[in-house]
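Engineer: for reference, the sequence and a predicted model appear below.
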Amino acid sequence: MAKLALRSLCRKFGGVAAVDDFNLELQAGEFVSLLGPSGCGKTTTLRMIAGFIPPSAGTIEMDGKLLSSPSLTVPPERRRMSMIFQSYAIWPNMTVAQNVGFGLQVRKLPSAEIARKVDAILDTVHMGHLRARYPAELSGGQQQRVALARAIVVRPDVLLLDEPLSNLDANLREEMRFEIRRLHDEFKITTVYVTHDQAEAMVTSDRIAVMNQGRIEQVDAPFAIYNRPRTRFVAGFIGRTNFLEGKRAGDEIGFDGFSVKASLFADAQRFGAQVVLSIRPQAIGLTTREPSAANGSWWIAGRVTQRAYLGEVWDYTVAPAGAPAGGSTPLRVSAPPTTMVETGAAVWLEIDPADVAYIP
Amino acid sequence: MSRVEPAGDLGVPLQRAGLALRLRALDRTLLLWLVLAAVLVFLVVNPLLRLVLTSFQAADSGAFTLANYAAAYGRPRYVQALWNSLVMGAAVSALCVLFAVPMAWAISRTDMPAKHLVRLGVFGAFVTPPYLGAIGWILLAGPNAGWLNRVWVALTGADSGLFDIYSFPGLVFIIAIYSFPYVFIFTNAALDIVSSEMEDAANILGAGMLRTTWKVTLPMVLPAILGGVIVSFLEAIALFGSPALIALPARFNVVTTQLWQFFSSPVRVEVAAAYAMPLLAVTVALFWLQLLLTRRKGYVALTGKGGERRLIRLGRLRFVMLGYCLLIVALAVFLPYLALSQAAFTRAWGQGLSFANLSLANFQYILFEHHTAQQSVINSFIYATWTACLAVGLAVAIAYIVNRQLLPFARVLGFLCMAPFVIPGIVLAIGFYAAYAPPPLALYGTAAILVLAFTTRFLPIAYANASAAMRSFNPEMEEAVRILGGSRLTALRRVIAPLLKRSLIGAWLLVFIPATRELSAAIFLYGPNTRTMSVMLFDLSEEGNFEHLAALGLLLLVATVAIVALGYRAIGRDFMLRGGS
């Protein structure tokens, strides 16, 4: 049985569906991210799980018991969950230790045990030395750690995180991503994590649910989300990509001025008459030497029209050779810094068919 | 998947989500919210409704009639009183502009010295109860014995004094000298956000200082000045104390004194209700107009707090400006308080300041000998305490409901909280009388009706403060409590209340202070045992014993100053400035 199950969940605000037919099951101890652009309904979904808003349709169940339905919503305080808020919501009138101990106090634990648990969790998040401080005396990252400790110390059934890192600067954000995953590995709390930052979702999650306009586009492990996007939205939202749109005729897929044999691709039998392929810029090799013989790769001849040096990579724009002027979409290629080619040079692009994702 | 499990404390088994369980899962606090909404209907809606209904009902049968209106407007002198109020309001507004605008400009835009002193004086005028000031001015400018007249006679050898406070101009003057702070506050705030760059732009194009002020600066703050004018106009026509002290002896009436006469035996509440309608209508209409003015934001708010501000150098003129400001402050605060103190500490105020004349007997009499004065002091502070607690408590609860949108039509509740703002105290009192004096409640003459009327009257102050505090409060603070297992009430107790403590104490004081001195509602609702200090002052003035009157007035003032000082110490000195209105 799933730990947490969201079934056909729907939430309307004034007739507009913010969340629409949302289905997701989390196994116990699983870490799932809701990833999507702002306004896609991810925070609304999270707040429905927390019990702050009731669904317009559908249900939320935990351990097989109903938590939310349009007619009945168990209030947040009776759900045994924890949540980390975008603003951290650290109470400024309490010290770090009082903040962290609050949930235990509400659960009426003996004070000696509260003190012990608070000390232990503060040590875990490296905040033990600041236990007597007030939140106004803490940095953003430290407040974030207090919020984490406060949420984890009660050992919730489900931990909810609402864009917890969006108010931190870039370096700290990177550090905290790993911190959140480390704490999850240590405590194995079933977690729902809302973010619009794909890197955050990739680092922290067991699975990622990509959302768009209130609906789930795809739920998969980070590797599959990136390498096997199932919709055009997912391919475009997670990382950069090149979309190639072509027409299939027999074994031949014709693009704008160039073509490829469908038999190159393992899953060619799925291809329809209209074919959309997604190819990541870093999955494309770039060389100035003409390829000797077919080696199972897909070769495209072209000409560099633009280039930019980004330090870690070269960012080339290549127009396929056979394409009519201004016709086909040029391909973006990420090449290693050592691969230096002048603008206007003739190049060959090498693509491993296994790296090409077919978008149904 | 939906295997039935025994009902734990968490969640509800899928198959058994019956009505009882649904109710249990509902917020238990919902009931509390509904009760609060009912209280609001009791305090605001019902009195107003009954006011309007009563005005159309025959006194004995309760049948529909227009006779009350015929009686209220049937005599020329009743209509004359209405007209008097309008003229008085207009004259007061004009005088307020004359007093306040130059002062506000000098303080905000020029290098006039001693600004702090002037500000303090304006603040003093603002916190002085108008009827107390009026008593001071009776001592100063009473037709024969007033100090100013005696000085005039002594200096010029004239037969009679120069001033007669018991006159229409006298009334206009003593109302204006205590309501000009409204115009001052509005104008000053607007001038403070006009960027110097605006003026520089005019200077660059060749306009001189005076021309710039006249053509650029003042037009930009005109909406603010108009806003202040409207407020002071409404203050003037709704005021009861000063007109009762001045107009009644001078043998003319304004709306409020006429209303009071409809209430003196026999009580004709139906006629009073009918007669109150124009006052209510004018107030509502003008507040609406003011809302439109501020909605447009003038030109000022658009520029924001942009740019550096430089003060205009006045040269020698700055001493002239200071003289003008100090004259007004003296008229509003210094002279009347001097006269009041002199009267309070002497056996007979007319005999001047001699050592033999000095005495504490007046305070002794007021506090310990007079049969009701001591009780009235105690009453005032008890009622004000209740009022402040009820108003702030109610305001916080409603601001919370509105802010969190806990109930459908929550905005209506917020609107009802602010509605008493546009109801003159005297009209509210008549509504309360009509609604709760008759059986079944029969509250007339009880402490309860006074406290409830005060609570309604000052609810907008409490609500405006509570609502601002609530808006500045991130709801996630509270959601964090709830997701960790605390109820709404836990959140209120452990997080919201501690964080909002300062603003709420401020709101409490802002209700408490005017409640200690409320007159225009109290005068209609008090009974033999529920006199307040303000009613007592009014009674003493009818007895004509100004020494006792002055002593009681000073007591009221000292108590207020002490409370304000406590407020300063507790929560910082800016709490009066963030005032609700």
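Structural biologist: Thanks, I have the structure now.
Engineer: in which helix or strand does the one residue in the stretch 101-250 of chain A that gets nearest to chain B reside?
Structural biologist: Closest to chain B within the stretch 101-250 of chain A is A:Gly103: 3.7 Å, counting by C-beta to the nearest C-beta. For every residue, glycine as well, the C-beta is placed using N, CA and C. Assessed by DSSP states H and E, A:Gly103 sits inside helix A:96-106.
Engineer: quick one: contacts of the following helix or strand past that helix?
Structural biologist: Moving toward the C-terminus from helix A:96-106, the next helix or strand (DSSP H and E) is helix A:111-124. If you take C-beta atoms under 8 Å, 6 or more residues apart in numbering or on different chains as the criterion, helix A:111-124 is touched by A:96-97, A:100-101, A:104-105, A:109, A:128, A:130-131, A:149, A:152-153, A:183, A:186.
Engineer: between these, which is nearest B:Leu443?
Structural biologist: Of all those, the one with the least separation from B:Leu443 (C-beta to C-beta) is A:Gln105, at 44.2 Å.
Engineer: do you know the pLDDT at the closest one?
Structural biologist: We have a pLDDT of 92 for A:Gln105.
Engineer: B:Pro6 too?
Structural biologist: The predicted local confidence for B:Pro6 is 35.
Engineer: low pLDDT regions in the chain?
Structural biologist: Chain wasn't specified; assuming chain A. Applying pLDDT under 70 to chain A flags the ranges A:1, A:293-294, A:323-328.
Engineer: to clarify, I was referring to chain B.
Structural biologist: Checking chain B against pLDDT under 70 turns up B:1-30, B:32-33, B:195-196, B:198, B:206-207, B:294-309, B:352-356, B:571-581.
Engineer: and the longest helix for it?
Structural biologist: helix B:76-109 (DSSP state H).
Engineer: now the angle from the helix or strand following that one to helix B:76-109?
Structural biologist: Proceeding C-terminally, helix B:76-109 gives way to helix B:115-127 as the next helix or strand, assigned by DSSP H and E. With axes from the mean of the first three to the mean of the last three C-alpha atoms, to 10 degrees as the basis, helix B:115-127 and helix B:76-109 are set at 160 degrees to each other.
Engineer: measure how far helix B:115-127 is from the centre of its chain, please.
Structural biologist: The chain centroid and the centroid of helix B:115-127 are separated by 17 Å under C-alpha atoms, centre = their mean, to the nearest Å.
Engineer: show me what whichever helix or strand comes after that helix is packed against.
Structural biologist: Note on helix B:115-127: by DSSP H and E, the next helix or strand toward the C-terminus is helix B:130-141. If you count contacts as 3 or more C-beta pairs under 8 Å, 6 or more residues apart in numbering or on different chains; DSSP states H and E, helix B:130-141 packs onto helix B:147-156, helix B:168-192, helix B:241-246, helix B:335-344, helix B:533-543, helix B:546-571.
Engineer: ok, now with 6 Å
Structural biologist: helix B:147-156, helix B:168-192, helix B:241-246, helix B:335-344 (3 or more C-beta pairs under 6 Å, 6 or more residues apart in numbering or on different chains; DSSP states H and E).
Engineer: quick check: next helix or strand after the shortest one?
Structural biologist: For helix B:241-246, the following helix or strand on the C-terminal side (DSSP H and E) is helix B:255-263.
Engineer: for stretch B:256-265, buried residues please.
Structural biologist: Of all the residues in stretch B:256-265, those buried under the rule 16 or more other C-beta atoms under 10 Å in any protein chain shown are B:Thr256, B:Thr257, B:Gln258, B:Leu259, B:Trp260, B:Phe262, B:Phe263.
Engineer: whoops, stretch A:284-296 was the one
Structural biologist: Across stretch A:284-296, burial judged by 16+ other C-beta under 10 Å covers A:Ile284, A:Gly285, A:Leu286.
Engineer: nearest residue to the second one in space, please, no chain neighbours.
Structural biologist: Nearest non-adjacent residue to A:Gly285, counting by C-beta to C-beta, 6 or more residues apart in numbering or on different chains: A:Glu350, 3.9 Å away.
Engineer: again, but for the first one
Structural biologist: Once its chain neighbours are removed from consideration, A:Ile284 has its nearest residue in A:Val333; the separation is 4.7 Å (C-beta to C-beta, 6+ apart).
Engineer: and of the helices and strands packed on helix B:130-141, who's closest to chain A?
Structural biologist: Going by C-beta to the nearest C-beta, the one of the helices and strands packed on helix B:130-141 nearest chain A is helix B:168-192, 29.2 Å.
Engineer: kindly calculate the angle that the next helix or strand after the closest one makes with helix B:76-109.
Structural biologist: Later in the chain than helix B:168-192, the nearest helix or strand by DSSP H and E is helix B:196-204. For helix B:196-204 against helix B:76-109, the angle by the same axes, to 10 degrees is 80 degrees.
Engineer: who touches the helix holding A:Gly103?
Structural biologist: In this structure, residues lying in contact with helix A:96-106 by C-beta atoms under 6 Å, 6 or more residues apart in numbering or on different chains are A:90-91, A:114, A:118, A:130-131, A:133, A:146, A:149-150, A:153-154, B:484-486.
Engineer: could you tell me how far that helix lies from the centre of the chain?
Structural biologist: With C-alpha atoms, centre = their mean, you get 31 Å for helix A:96-106.
Engineer: stretch B:151-163 too?
Structural biologist: Stretch B:151-163 sits 38 Å away from the centroid of its parent chain (C-alpha atoms, centre = their mean).
Engineer: and that stretch, end to end?
Structural biologist: End-to-end distance of stretch B:151-163 (C-alpha to C-alpha, to the nearest Å): 11 Å.
Engineer: on that earlier part again, tabulate the buried residues of stretch B:256-265 (JSON lines), appending distance to chain A.
Structural biologist: Output for the buried residues of stretch B:256-265, formatted as JSON lines (distance: C-beta to the nearest C-beta, whole Å):
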{"residue": "B:Thr256", "distance to chain A": "46"}
{"residue": "B:Thr257", "distance to chain A": "51"}
{"residue": "B:Gln258", "distance to chain A": "51"}
{"residue": "B:Leu259", "distance to chain A": "47"}
{"residue": "B:Trp260", "distance to chain A": "49"}
{"residue": "B:Phe262", "distance to chain A": "50"}
{"residue": "B:Phe263", "distance to chain A": "49"}
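Engineer: which strand or helix spans the residue nearest to A:Ile284?
Structural biologist: Element membership for A:Val333 (DSSP H and E) is strand A:331-335.
Engineer: outside of the next helix-or-strand element following that strand, which residues touch it?
Structural biologist: Proceeding N to C from strand A:331-335, the next assigned helix or strand is strand A:346-351, under DSSP H and E. By C-beta under 6 Å, 6+ apart, the surrounding residues in contact with strand A:346-351 are A:284-288, A:291, A:297-304.
Engineer: which residues of chain A lie near chain B?
Structural biologist: Proximity of chain A to chain B (C-beta under 6 Å from any C-beta of the partner chain) is limited to residues A:50, A:64-67, A:72, A:74, A:76-77, A:80-81, A:83, A:85, A:87, A:89, A:91, A:93, A:103, A:106.
Engineer: all the strands of the stretch 401-550 of chain B, residue numbers only.
Structural biologist: Assigned strands in the stretch 401-550 of chain B: none (criterion: DSSP state E, counting those that start in this stretch).
Engineer: residues in it within reach of chain A, list them.
Structural biologist: B:474, B:476-477, B:480, B:482-487, B:495, B:498-499.
Engineer: so what's the residue count around the residue nearest to B:Ser503 when sequence neighbours are not counted?
Structural biologist: Beyond its immediate neighbours in the sequence, the residue positioned closest to B:Ser503 (C-beta to C-beta, 6+ apart) is B:Ala469, lying 3.9 Å away. By the measure other C-beta atoms under 10 Å in any protein chain shown, the count of residues near B:Ala469 is 22.
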